[in-house]
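**Q** just a sequence and a predicted model for now, questions to come.
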Amino acid sequence: MKLDLSGHRSYCYTGGRPLAPERPTVVFIHGAGHDHSVWSLQTRYFVSHGWNVLAPDLPGHGSSDGPALASIEALADWVLALVAGVGCRRVMLAGHSMGSLIALEAAARAPDVVSRLALLGASFPMPVAAPLLDATQNARDRAHGMINQWSYAPRSQLGAGSIPGINLTALNERLMQRQAPGVLHRDMSACNAYAAGFESAARVRCPVLFVSAELDRMTPVKALAPLAQALGSAESVRQAVLPGAGHAMMVEAPGAVLDALWNFARADTSL
C-alpha cells in the first residue's frame with residue numbers, strides 16, 4: 001500500500017489484504033538502516049490469522065520517499081499519522097531496536113490509540129558507540145561490518161543460521177546497502193540523542209511486552225531494567241528472553257519472536 005504522508009509518498013506492507021475495520025491491527029516498526037522486510041514471518045502470520053497488518057518503510061527507507069527523519073519524536077508522530085491516515089482507532093505497536101524507541105514514544109503520546117506495546121531489542125538510553133556513529137557517516141561499509149559483528153550471535157556469523165542456505169549477515173549487509181546514503185547515520189544519531197525514554201515510559205498505560213535476546217550485545221538484557229522500572233503506570237509488563245539469539249532476533253529466532261508476539265497479542269482477548 002502507498003499513501004501520502006507529510007507531503008511524501010510512503011510505502012506500507014499490509015500482507016496484500018485490504019484493511020478491515022472489524023479486525024484488530026498491529027503495526028510493525030523496523031530498526032535503523034532497515035525496512036519492513038525484517039518482519040517477513042511475523043507479518044505474514046498475523047495477516048493469515050485475521051489481523052490487519054501495517055509494516056511501513058519509515059521515511060527515506062525502503063520504498064518510502066522523503067528524507068529520513070532526524071528524531072525519535074518525529075518518527076513517533078509519523079507512525080501515529082500513518083495510523084490515523086488509514087483510519088485505525090486502536091492498534092498494537094511492535095518495534096525493534098530504534099523501532100522500539102519509536103513505539104515507546106508513540107504509546108506515550110497517544111495512549112487512547114495504542115492498545116498494546118511490544119518492545120524488541122529495547123533499552124534506554126540507547127547510546128551508539130562513537131566509532132560506529134563516525135563510521136555510519138564516513139565509512140559506510142565499515143559501519144555495516146560493525147553492526148553485523150555486534151548484532152548476530154556467534155553461530156549465525158559462522159553460517160549456522162535459523163534458515164538453511166541463508167547467510168544472515170550477508171543478507172543484512174545487502175539490506176543496509178539498499179538504503180540511501182545518510183539514512184543509517186541519521187537513524188543512529190536519533191537513537192543516540194533520544195532523551196525522553198523514562199518520561200515517556202511513565203506515561204504508557206497499556207500492557208507492555210519486552211522481547212530480549214540472550215546474546216544481544218547491542219541492547220543487552222541487563223540494560224533493560226531501568227526502562228522496565230519506569231513503566232510504573234503500564235497495565236502490565238512482561239518479558240520474554242530468547243535463548244541463543246542476538247540483536248537480530250527476527251531472523252535468528254523467527255519462530256520464538258512470533259510466538260512471543262502472538263501470545264501477547266491474544267492475551268486476555270477472545271481472538
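**A** Received the coordinates, thanks.
**Q** now the strands: where do they sit in the stretch 51-200 of the chain?
**A** Using DSSP state E, counting those that start in this stretch, the strands of the stretch 51-200 of the chain run over 52-56, 91-96, 114-120.
**Q** nearest to residue 227, of the ones you listed?
**A** Closest to residue 227 of the strands of the stretch 51-200 of the chain is strand 114-120 (C-beta to C-beta; 8.1 Å). For every residue, glycine as well, the C-beta is placed using N, CA and C.
**Q** report all helices and strands that that closest one contacts.
**A** When contacts are defined as 3 or more C-beta pairs under 8 Å, 6 or more residues apart in numbering; DSSP states H and E, strand 114-120 sits against strand 91-96, helix 98-109, strand 208-213, helix 254-266.
**Q** Serialize the strands of the stretch 51-200 of the chain to TSV and add fields for distance to residue 241 and mean pLDDT.
**A** As requested, the strands of the stretch 51-200 of the chain are exported to TSV (distance: least, C-beta to C-beta, whole Å; pLDDT from 0 to 100):
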stretch	distance to residue 241	mean pLDDT
strand 52-56	24	98
strand 91-96	15	98
strand 114-120	12	98
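**Q** of all these, which one comes closest to residue 179?
**A** Shortest distance between residue 179 and the strands of the stretch 51-200 of the chain, using C-beta to C-beta, is found for strand 52-56: 14.3 Å.
**Q** who's in contact with the closest one?
**A** Identification of contacts with strand 52-56 by C-beta atoms under 8 Å, 6 or more residues apart in numbering yields 10-15, 17, 19-20, 23-30, 36, 39, 43, 46-47, 64, 79, 82-83, 86, 88, 91.
**Q** strand partners (parallel or antiparallel) of that strand?
**A** Sheet pairing for strand 52-56, assigned by DSSP bridges, gives strand 8-13 (antiparallel), strand 25-29 (parallel).
**Q** mind putting the strands of the stretch 51-200 of the chain in CSV, distance to residue 217 included?
**A** Shown next, in CSV, are these (distance: least, C-beta to C-beta, whole Å):
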stretch, distance to residue 217
strand 52-56, 26
strand 91-96, 15
strand 114-120, 15
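**Q** residue 88 touches residue 19, doesn't it?
**A** Yes. Here residue 88 reaches residue 19: they are 7.3 Å apart, a contact under C-beta atoms under 8 Å.
**Q** shared neighbours, those two?
**A** Taking C-beta under 8 Å, 6+ apart as the criterion, residue 88 and residue 19 both touch 25, 52, 54.
**Q** make a markdown table out of these and add neighbour count and distance to residue 195.
**A** Output for the shared contacts of residue 88 and residue 19, formatted as a markdown table (neighbours: other C-beta atoms under 10 Å; distance: C-beta to C-beta, whole Å):
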| residue | neighbour count | distance to residue 195 |
| --- | --- | --- |
| 25 | 22 | 30 |
| 52 | 22 | 33 |
| 54 | 25 | 27 |
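**Q** looking at residue 45 now. What's its pLDDT?
**A** Looking at residue 45, its pLDDT reads 97.
**Q** could you tell me whether it really is in a strand?
**A** No. Counting by DSSP: H, G, I helix; E, B strand; the rest coil, residue 45 falls outside a strand, being helix.
**Q** which parts of the stretch 101-250 of the chain are helices?
**A** Using DSSP state H, counting those that start in this stretch, the helices of the stretch 101-250 of the chain run over 130-138, 140-151, 154-157, 168-178, 183-193, 197-201, 225-230, 249-252.
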